[in-house]
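Trainee: pasting the structure only:
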């Protein structure tokens, strides 16, 4: 006799969630004991589970939310405004080199911070790294490229980047936190973000000028 009883999909989903939780717990518990160090295959399986959970969360909670649309706009609008109103007339290749270095360094910095659980992004434009590329590859590079192209003098540049770094750390970050788009975990603070971003912009200017000076030197000796 055929069984006509159907299984509630919600019950299956709950069982799957419980299974995943137990599976994650069993793997994570193995990390705490020297006698049971997880193998590479176990780590890969754990990463697959976390990947699936992250994509499911993004698809069900992030995609097409107002925060998602804000991130979408932030990834495009700064470059649109840049190409329409702020194209550099003097040494454009130098400005773009600076922006490229800053974007790469900001992305690298962001990935490390997220991996170390110093901060996190509850809402993402896409469920993959870099964690917040609208900021790392759009808002931050364009903002500081404007400063770099306007202030070539070191003192003026340092003052402008100091103010801009403070704006991102003490105004933008709290706004993102209140909008459930950013989370800071101890021991990280807004002051760490401020100092880190400021030092990063100083390094990028110094490194860009070193590369440019080397290029000019090689060009003159050719």
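Mentor: Cool, got the structure. This is a predicted model, so every value here is computed, not measured. Numbers count the residues shown, from 1 in each chain.
Trainee: Determine how far the helix ranked longest in the chain lies from the middle of the whole chain.
Mentor: For the chain, the longest helix by residue count, based on DSSP state H, is helix 190-221. For helix 190-221, the separation from the chain centroid amounts to 21 Å (computed by CA atoms, centre = their mean, to the nearest Å).
Trainee: same deal with stretch 38-52?
Mentor: Averaging C-alpha positions (CA atoms, centre = their mean) puts stretch 38-52 22 Å from its chain's average.
Trainee: now swap in stretch 71-86 and tell me
Mentor: That offset, for stretch 71-86, works out to 18 Å (CA atoms, centre = their mean).
Trainee: Go through that stretch and flag the buried ones.
Mentor: For stretch 71-86, burial by neighbour count (16 or more other CB atoms under 10 Å) applies to 71, 74, 75, 78, 82. To be clear about C-beta, it is placed using only N, CA and C from the backbone, and glycine gets the same treatment.
Trainee: Kindly report the same for stretch 189-205.
Mentor: Of all the residues in stretch 189-205, those buried under the rule 16+ other CB under 10 Å are 190, 193, 194, 196, 197, 198, 200, 201, 202, 204, 205.
Trainee: what's the answer for stretch 120-137, then?
Mentor: 121, 123-127, 130-137.
Trainee: Looking at those residues, spot the one nearest residue 51.
Mentor: Nearest to residue 51 among the buried residues of stretch 120-137: residue 127, at 8.2 Å, using CB to CB.
Trainee: quick one: the closest one from residue 213, how far?
Mentor: 41 Å (CB to CB, to the nearest Å).
Trainee: Make sure residue 99 is actually in contact with residue 143.
Mentor: No. Contact criterion CB atoms under 8 Å: residue 99 and residue 143 do not qualify, at 9.9 Å.
Trainee: if we can go back for a sec, grab the two from the buried residues of stretch 189-205 that are most spread out in space.
Mentor: Greatest spatial distance among the buried residues of stretch 189-205 (CB to CB): 190 and 205, at 23.1 Å.
Trainee: related to what we said a few turns ago, ok, residue 99 and residue 143, which is more surrounded?
Mentor: residue 99 (24 against 21; other CB atoms under 10 Å).
Trainee: three-state assignment of the more buried one?
Mentor: Three-state call for residue 99 (DSSP: H, G, I helix; E, B strand; the rest coil): helix.
Trainee: Tell me which helix or strand in this structure has the weakest average pLDDT.
Mentor: Sorting the helices and strands of the chain by mean pLDDT, DSSP states H and E puts helix 9-31 at the bottom, at a mean of 60.
Trainee: Tell me the helices and strands packed up against the next helix or strand after it.
Mentor: The element immediately downstream of helix 9-31 (helix or strand, assigned by DSSP states H and E) is helix 40-57. In terms of contacts (3 or more CB pairs under 8 Å, 6 or more residues apart in numbering; DSSP states H and E), helix 40-57 is packed against helix 9-31.
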